[in-house]
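> sequence? don't have it. structure:
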């Protein structure tokens, strides 16, 4: 029906993943790179800087948040497929 599975990086790390699912590495781009090298497409979803339940400033007026401060600049600077990856690895991160 055109649907496709996408899994968190734990499923990729198990070593028993079918070749067709996409992988969403939340624990860092190293996992994303290994998944891309293994032939999986992926969507970079690392905790830093893409989990928005973190504070956006260190102001005492900031609502309670989980984790370190993440700013708009941190998000804007995020590169989901860094230049040091091979062209083939980068092509798997749309």
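Noted; the coordinates are in hand. None of these values were measured; they are calculated from a predicted model.
> domain-wise, how is this structure divided?
Following the TED database, the chain resolves into domains at 1-46, 52-80.
> hey, least reliable of these by pLDDT?
Lowest mean pLDDT within these: domain 52-80, a mean of 84.
> on that earlier part again, closest to residue 88 out of the domains of the chain?
Closest to residue 88 of the domains of the chain, according to Cβ to Cβ: domain 1-46, at 7.7 Å. For glycine as for every other residue, the C-beta is placed from the backbone atoms N, C-alpha and C.
> check what pLDDT residue 91 gets.
On the pLDDT scale, residue 91 gets 95.
> re earlier: can you put the domains of the chain in CSV and add distance to residue 92 and mean neighbour count?
What follows is these, written out as CSV (distance: least, Cβ to Cβ, whole Å; neighbours: other Cβ atoms under 10 Å):
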stretch, distance to residue 92, mean neighbour count
domain 1-46, 4, 16
domain 52-80, 11, 11
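> which one of the ones you listed lies nearest to residue 89?
With Cβ to Cβ as the yardstick, what comes closest out of the domains of the chain is domain 1-46 (4.1 Å).
> could you export the domains of the chain as CSV, including distance to residue 86?
As requested, those are exported to CSV (distance: least, Cβ to Cβ, whole Å):
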stretch, distance to residue 86
domain 1-46, 8
domain 52-80, 15
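> and of those, who's closest to residue 90?
Across those, closest to residue 90 is domain 1-46 (Cβ to Cβ), at 7.7 Å.
> quick check: end-to-end length of that closest one?
29 Å (Cα to Cα, to the nearest Å).
> stretch 4-12 too?
15 Å.
> any idea how far it is from the chain center?
11 Å (Cα atoms, centre = their mean, to the nearest Å).
> residues in contact with it?
With contact meaning Cβ atoms under 8 Å, 6 or more residues apart in numbering, stretch 4-12 is reached by 17-18, 20-27, 31-32, 34-35, 38, 40, 43.
> filter those residues down to the ones in helices?
Judged by DSSP state H, helices contain the following of the contacts of stretch 4-12: 31, 32, 34, 35.
> and the residues you listed, which is closest to residue 94?
residue 32 (12.3 Å).
> name the nearest residue to that closest one, sequence neighbours excluded.
Closest residue to residue 32 apart from its sequence neighbours, by Cβ to Cβ, 6 or more residues apart in numbering: residue 25 at 3.8 Å.
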